[in-house]
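would you be able to build a 3D model of this:
(one chain, ligands or ions: 1)
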Amino acid sequence: MAAENAQSKQARIIDRIKSFILTCPDFPKPGIPFKDIMPIVQNPDVFSDTIALLEEHIKETGVKVDVVAGLEARGFLFGPPLALRLECAFVPIRKAEKLPGETVKCSYALEYGQDTIEIQKTAVKPDQNVVIVDDLIATGGTMAGACTLMETVQANVVGCLTVVELDYLKGRENLKHALHSLVHY
Ligand code: AMP
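Predicted coordinates for the structure are as follows:
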């Protein structure tokens, strides 16, 4: 058998990652097909492949990353191992009123109402290169809010990463920055 080329190897790994994502109909509300990524982190080889693919993408861009910023809550699962591999800092982007000390906030629109996210004021410095990580992009509102938050502290967003993208919601059209996601629905 001919040696498997890099592209088909990557496609095979992504298919395997996808096979570990569960679709939970009508959770947490009727009509929402919730994508449950927990089986990924419960299987070390699948988790490791996922982090390796995210790292590979960043390495391919050739940009030196200073900070991986993870979105609460499931961005906290993928962000820290990626930051370790990239040998850079991890910074949590939390929902309002969870972080001690001075914080920088950003409010963004939801389908109904708005949400606020924040980081500790000294966590990201002006001109640092930041990659923002979450488990999933749906409408893109959360990721766009995180990008705005990074701009507020004058950091450079050098990429947005998600494990899952719901293509049909066109969330990437709400982003000014490049988005890379592994598994598409
Ligand atoms: P959005 O701001 O619409 O892109 O929503 C993205 C955020 O909401 C991420 O932090 C996801 O974890 C969560 N989310 C939205 N839709 C889903 C879904 N169908 N399955 C799992 N998580 C979701």
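
buried sites along stretch 53-72?
By 16 or more other Cβ atoms under 10 Å, the buried positions in stretch 53-72 come out as 53-55, 57-58, 65-71. Every C-beta, even on glycine, is put in place using the N, C-alpha and C of the backbone.

stretch 70-89 too?
Buried, per 16+ other Cβ under 10 Å, within stretch 70-89: 70-71, 74-83, 85-86, 88-89.

same question, stretch 151-162
Result for stretch 151-162 [16+ other Cβ under 10 Å]: buried residues 153, 155, 157-162.

would JSON lines of those with secondary structure and distance to the ligand be doable?
Shown next, in JSON lines, are these (DSSP: H, G, I helix; E, B strand; the rest coil; distance: Cβ to the nearest ligand atom, whole Å):
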{"residue": "Val153", "secondary structure": "coil", "distance to the ligand": "20"}
{"residue": "Ala155", "secondary structure": "coil", "distance to the ligand": "20"}
{"residue": "Val157", "secondary structure": "strand", "distance to the ligand": "16"}
{"residue": "Val158", "secondary structure": "strand", "distance to the ligand": "20"}
{"residue": "Gly159", "secondary structure": "strand", "distance to the ligand": "16"}
{"residue": "Cys160", "secondary structure": "strand", "distance to the ligand": "11"}
{"residue": "Leu161", "secondary structure": "strand", "distance to the ligand": "12"}
{"residue": "Thr162", "secondary structure": "strand", "distance to the ligand": "8"}
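
now those residues in a markdown table, with pLDDT and distance to Tyr168?
Listed next are the buried residues of stretch 151-162 as a markdown table, based on pLDDT from 0 to 100; distance: Cβ to Cβ, whole Å:
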| residue | pLDDT | distance to Tyr168 |
| --- | --- | --- |
| Val153 | 98 | 33 |
| Ala155 | 98 | 31 |
| Val157 | 98 | 25 |
| Val158 | 98 | 27 |
| Gly159 | 98 | 23 |
| Cys160 | 98 | 18 |
| Leu161 | 99 | 20 |
| Thr162 | 99 | 15 |
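
excluding sequence neighbours, find me the nearest residue to His177.
Spatial nearest neighbour of His177, chain neighbours left out: Val157 (4.6 Å); criterion: Cβ to Cβ, 6 or more residues apart in numbering.

quick check: the one you found vs Glu60, distance?
Applying Cβ to Cβ, to the nearest Å, the value for Val157 to Glu60 is 17 Å.

can you check Gly75 too?
As for Gly75, its distance to Glu60 is 21 Å (criterion: Cβ to Cβ).

for the buried residues of stretch 151-162, work out which two are farthest apart.
Farthest-apart pair in those is Val153 and Thr162; separation 21.6 Å (Cβ to Cβ).

isn't Pro39 right up against Leu22?
Yes. The criterion here is Cβ atoms under 8 Å, and Pro39 meets it with Leu22 at 6.4 Å.
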